[in-house]
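Engineer: Please work out how this folds:
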Amino acid sequence: MSEETNGTATTEEQTANQPQINVLGQYIKDLSFENPDAPASLRAREKQPSLQMNFNVQAKAISDDIYEVLLTLEANAKAEEESLYTMELVYGGAFRLKNLPEQAIRPFLFVECPALLFPYARRLISDLTREGGFAPLALDPIDFASLYRNRLAEEQKKAESPAPLVQ
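Structural biologist: Modelled structure (predicted):
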């Protein structure tokens, strides 16, 4: 096989410089399910319990091109004032991002990575609540891109607003 060296990069060099994204692993970092009043909490109820959901995405560099992304999901179910269950899942992933432009790394970490992790975390939460004796909690999809844009807008507003006067 002969290589042409007319001043352009070879096919191997071009491929080596292409953006590369690899999922190195996915894992449960922390998991907690509390059903403090079992078995009384499992009785039939006339009213639907209230459910409060919170989630968060965190990302940090592990090395030059490897990042950890953590998706934290918390759920608290109550019937009137009685706590039915409390659940927390921190589901993580390790990602290698190679040859990505600097401006593309943060959006990828906060949009694409959690979108890849979410279906697995969603299944775990459904299974966990079912095994806890309740109806499976089926979370709606999350629009991480929209949330990221909103977060950027908030950060931009904070940067543009004048500093408060100290008295």
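Engineer: excluding its backbone neighbours, what's nearest residue 56?
Structural biologist: Sequence neighbours aside, residue 72 is the residue nearest to residue 56 in space, at 4.5 Å (criterion: C-beta to C-beta, 6 or more residues apart in numbering). For the C-beta atoms, the positions are set from N, CA and C on the backbone; glycine is no exception.
Engineer: Run a quick neighbour tally on the one you found.
Structural biologist: 17 (other C-beta atoms under 10 Å).
Engineer: Quick one: residues contacting it.
Structural biologist: Counting by C-beta atoms under 8 Å, 6 or more residues apart in numbering, residue 72 touches 54-58, 88-91.
Engineer: The residue most central in space within the chain: which element?
Structural biologist: Centroid-nearest residue in the chain, with C-alpha atoms, centre = their mean: residue 71, separated by 3.0 Å. Per DSSP states H and E, residue 71 falls inside strand 66-79.
Engineer: right, and the helix or strand after that strand?
Structural biologist: strand 82-98.
Engineer: Buried residues in that next one, which are they?
Structural biologist: 84-87, 89-95, 97 (16 or more other C-beta atoms under 10 Å).
Engineer: what about the closest residue to residue 126 other than its chain neighbours, neighbour count?
Structural biologist: For residue 126, ignoring the flanking residues on the chain, the nearest one in space by C-beta to C-beta, 6+ apart is residue 136 at 4.3 Å. Residue crowding around residue 136 was assessed by other C-beta under 10 Å; the count is 13.
Engineer: can you tell me how far residue 136 sits from residue 125?
Structural biologist: 8 Å (C-beta to C-beta, to the nearest Å).
Engineer: any idea which helix is longest in the chain?
Structural biologist: helix 113-131 (DSSP state H).
Engineer: quick one: it to strand 82-98, angle?
Structural biologist: 150 degrees (axes from the mean of the first three to the mean of the last three C-alpha atoms, to 10 degrees).
Engineer: Show me which positions of helix 113-131 end up buried.
Structural biologist: Buried-residue list, helix 113-131, by 16+ other C-beta under 10 Å: 113-118, 121-122, 124-125, 128-129.
Engineer: Also stretch 61-78?
Structural biologist: In stretch 61-78, counting by 16+ other C-beta under 10 Å, buried: 67-73, 75-77.
Engineer: where does the chain dip in pLDDT?
Structural biologist: 1-16, 161-167 (pLDDT under 70).
Engineer: partners of the strand holding residue 71, with directions?
Structural biologist: Taking DSSP bridges as the criterion, strand 66-79 forms sheet pairs with strand 50-61 (antiparallel), strand 82-98 (antiparallel).
Engineer: now for these, which one comes closest to residue 140?
Structural biologist: strand 50-61 (9.5 Å; C-beta to C-beta).
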